[in-house]
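K.L.:
Next input, structure requested:
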Amino acid sequence: MPKKARQTLEQKRVCDRLQKQGKYSETKEDPEKYADLKAKEQHTLKEKNRKKISSAKDMTPRQLRVQRKK
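P.N.:
All right, here's what the predicted structure looks like:
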């Protein structure tokens, strides 16, 4: 039996996107899970505003190297 052909990068991205959308819609249907998701998003936004979480574009090259090693 021949081996299955590997997915191309584009096919994998499409599959991942569909999987993520399905998971999000499932979460949105359940009020408890949706409330938890919104609470996590609010927490992340608060941390970003306090500068506890920084994006890669705001980091110095040295900070980036350290973060990648973690």
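
K.L.:
Next one: Lys57 from Asn49, what distance?
P.N.:
Distance of Lys57 to Asn49, computed by Cβ to Cβ, to the nearest Å: 17 Å. C-beta: built from backbone N, CA, C; applies to glycine.

K.L.:
neighbour count winner among these two?
P.N.:
Shown here are Lys57 and Asn49; by other Cβ atoms under 10 Å, Asn49 has more neighbours (9 against 6).

K.L.:
Next, that one: phi, psi?
P.N.:
phi -70, psi -30 (degrees, to the nearest 10).

K.L.:
got it, and the one 3 residues further on?
P.N.:
Summarising the backbone geometry of Lys52 under the convention degrees, to the nearest 10, its torsions are phi -80, psi -30.

K.L.:
same question, the one 3 residues further on
P.N.:
The phi and psi torsions at Ser55 (degrees, to the nearest 10) take the values phi -90, psi 160.

K.L.:
ok, it - how many residues close by?
P.N.:
7.

K.L.:
do the same with the one 3 residues further on
P.N.:
Here the neighbour count serves as a burial measure; for Asp58 (other Cβ under 10 Å) it reads 8.

K.L.:
I'd like to know how far it sits from Gln67.
P.N.:
In terms of Cβ to Cβ, Asp58 sits 11 Å off from Gln67.

K.L.:
what's the answer for Tyr34, then?
P.N.:
For Tyr34, the distance to Gln67 (Cβ to Cβ) stands at 31 Å.

K.L.:
out of those two, which sits in the more crowded spot?
P.N.:
Neighbour tally, Tyr34 and Gln67, criterion other Cβ under 10 Å: the higher count belongs to Tyr34, 14 against 11.

K.L.:
That one against Lys28, yeah?
P.N.:
Yes. Assessed by Cβ atoms under 8 Å, Tyr34 is found in contact with Lys28 at 5.5 Å.
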